[in-house]
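*Asks:* Structure for the following, please:
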Amino acid sequence: MLAGFFACRQPTTRQVRVEERQTASGHRYSIFHPQKLAVRVVTSRPPAADSAYQLSVAAAYTNLENDQPLDLLVDQGRVRQTKPIIPFLDGVLQSVGDTLTIGRLPAGPAQLGAQLAGVRRRHGTLLLQELLVLNGKPQRFGPGNAFQRRALVEFAAHRFAVAESAADNLTMSQFAEDLRELGAQNALYLDMGDWDEGWYKAGNEVVKLGARRTQTARQSNWLVFATPVAALPGPSPAP
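*Replies:* Below is the predicted model:
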């Protein structure tokens, strides 16, 4: 899409198109483009054996004390939290029906309360994560640690995809800048590090994502893409 980048490979899969890109600074990325798939945040592990499920990655962070999702405020119409717990989670992913929206956390409790109420009425989902890109502008971060990185990215024309770095030494600032260069209009971070296991389908093959995968058993929530006829699981019981 931009000078300085190139497409290397596009596997022959109809429902998740994989695009390999490289930034001008030399960082390589895999971008997973869902093809007419339904998307939802779920709190029950999606079954890879089910042919309807095509792409699954960790979404919100997990609370280390109780293995519950951190700042998953509304879960398919059920309010789990009325206010945020983690101060630095400044991005909002809102999912209502077939519509996804990435935005910034409202400044005041009244505005957030109104947003929560609207999502609840429409049986939607709202979670908080780290905002990487907003309206085409990369967000600022401190020095931070370096990891392999993954994000939900909104490109032009409201096209959503999952982007994952090949390198495991990226800071959040570098990741945000790379996503902007790759064409991101908005982008929200997805849980990584030891919680990084995900997968996608290449035909009948399940291709695993992530490099560490040491806390897979403790993953508490997932961003899943499935064929629209899939019976996506409902919200888990309240903790």
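*Asks:* what packs against the helix or strand harbouring R21?
*Replies:* Here R21, judged by DSSP states H and E, is contained in strand 16-22. Judged by 3 or more CB pairs under 8 Å, 6 or more residues apart in numbering; DSSP states H and E, the packing partners of strand 16-22 are strand 28-34, strand 198-202. C-beta here means a position set from N, CA and C on the backbone, and glycine is covered the same way.
*Asks:* Restrict the last one to CA atoms and write it as PDB.
*Replies:* Only the C-alpha atoms of strand 198-202 are listed here, as PDB (Å, rounded to 0.1, in the frame of the first residue of the first chain):
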ATOM      1  CA  GLY A 198      -3.200 -17.900  18.900                       C
ATOM      2  CA  TRP A 199      -4.000 -19.700  15.700                       C
ATOM      3  CA  TYR A 200      -5.500 -19.400  12.200                       C
ATOM      4  CA  LYS A 201      -6.700 -21.800   9.600                       C
ATOM      5  CA  ALA A 202      -4.900 -22.300   6.400                       C
END
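*Asks:* Parallel or antiparallel, list what pairs with it.
*Replies:* Using DSSP bridges, the strands paired with strand 198-202 are strand 53-58 (antiparallel), strand 205-209 (antiparallel).
*Asks:* Next, give phi and psi for the most centrally placed residue in the chain.
*Replies:* For the chain, the residue sitting closest to the mean C-alpha position, by CA atoms, centre = their mean, is L152 at 3.9 Å. Main-chain dihedrals, L152, degrees, to the nearest 10: phi -90, psi 120.
*Asks:* mind listing what's buried in the strand holding R21?
*Replies:* Buried residues in strand 16-22, counted by 16 or more other CB atoms under 10 Å: V16, V18, E19, R21, Q22.
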